[in-house]
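K.L.:
Starting from these lines, generate the structure:
(one chain, ligands or ions: 1)
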Amino acid sequence: MNSQDYNEEGRDLWNRKAEYWDEKFGDSGNLFHRQLVEPSLLKLLDLSAGEAVLDACCGNGVMSRRLAQQGARVTAIDFSEEMLRRARLRPLPDAGTLDYMLLDATDEAALLALGARRFDAVVCSMALMDIPEVAPLFRAAAALLRPAGRFVFATMHPAFNSNNPVFLHKKEDHDGEVRDIYALSLRYYLDMPPVLGAGMPGEPSAHYYFHRSFSELLGAAFTAGFVLDGMLEPAFAADVSAEDHSLSWRDFPQFPPVLSCRLRLG
Ligand SMILES: C[S@@+](CC[C@H](N)C(=O)[O-])C[C@H]1O[C@@H](n2cnc3c(N)ncnc32)[C@H](O)[C@@H]1O
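P.N.:
So this is what the prediction gives:
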């Protein structure tokens, strides 16, 4: 399959998955979003009321609403009609403004048509790894942003949360004390073909992920004229109670499943 085929298949899958995603995320997101993704994005963004923000690949609008709630004028785009239909059904925040638009984040011309130098910030929350080609979005963002603007994204961590890491749980007798050991096993990093992944527990269908090494991901941003000036690696706190151990990311407080970055035009 070429990039366009992957993108079309992705659109079809996201349309079919929209109901599941919308119910799981609701108005304010799941634990992963609330504890890791959202705080890191908001911190890097450092939003001021009245700023114009493009939320690229907005899903059911969980981040878009949060940004509007902080007083931003948000344009939220996604290529899934069904995801947007559901986003529009959710209550609008009582601050800022929020417009949803059907737009493919790989369509550079359509992105550019939003208007040069129109935005103070572009946000992309947990979607770059779902997009087969990220260069068009980075190039378009460089033109859409005002000179002091920033592109803030959160994505699956390239080193620890890509190409399906294996979660290991072992028990070790350490000087007479039995301990639980949680570790990750990784098989690939540099060689990252598109991989099918199950997504969140319970997702109705697997979809393709386009994981990228740090150099490939950030390289595409650098080529578009951005420099990196902020980075966070949020991980869960080491406070999982004994009955909560379910071999999820909460069992790995040493490993950040998310990479959040702030890019500025160089
Ligand atoms: C993992 S969800 C994240 C949704 C939202 N940003 C959030 O943080 O909750 C990925 C979203 O990206 C959208 N998406 C994937 N590829 C896209 C593309 N090429 N153009 C626009 N949206 C895309 C999907 O439809 C889906 O809503």
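K.L.:
Could you report the neighbour count for Ala87?
P.N.:
Using other CB atoms under 10 Å, Ala87 is surrounded by 23 other residues. Using the backbone N, CA and C atoms, a C-beta is placed for each residue, glycine as well.
K.L.:
quick one, what contacts the nearest residue in space to it that is not next to it in sequence?
P.N.:
Leaving aside its sequence neighbours, Ala87 sits nearest to Gly61 (CB to CB, 6 or more residues apart in numbering; 3.6 Å). By CB atoms under 8 Å, 6 or more residues apart in numbering, the residues touching Gly61 are 55, 76, 87-88, 90, 98, 100.
K.L.:
are any of those buried, and which?
P.N.:
Buried residues within these, defined by neighbour count using 16 or more other CB atoms under 10 Å: 55, 76, 87, 90, 98, 100.
K.L.:
For the residue of the stretch 51-200 of the chain found nearest the ligand, which non-adjacent residue is closest in space?
P.N.:
Residue nearest to the ligand within the stretch 51-200 of the chain: Gly59 (2.5 Å; CB to the nearest ligand atom). Excluding the flanking residues, the one nearest Gly59 by CB to CB, 6+ apart is Met83, at 5.6 Å.
K.L.:
Give me the three-state assignment for the one you found.
P.N.:
The three-state label for Met83, taken from DSSP: H, G, I helix; E, B strand; the rest coil, comes out as helix.
K.L.:
residue contacts, it?
P.N.:
Listed by CB under 8 Å, 6+ apart, the contact partners of Met83 are 14-15, 18, 21-22, 58-60.
K.L.:
now do Tyr182
P.N.:
The neighbours of Tyr182, taking CB under 8 Å, 6+ apart as the test, are 167-169, 247, 251-252.
K.L.:
Looking at the residues you listed, which are in strands?
P.N.:
Per DSSP state E, strands hold the following members of the contacts of Tyr182: 167-169.
K.L.:
a markdown table please, covering these and showing distance to the ligand and neighbour count.
P.N.:
Putting those into a markdown table (distance: CB to the nearest ligand atom, whole Å; neighbours: other CB atoms under 10 Å) gives the following:
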| residue | distance to the ligand | neighbour count |
| --- | --- | --- |
| Phe167 | 20 | 15 |
| Leu168 | 26 | 13 |
| His169 | 26 | 11 |
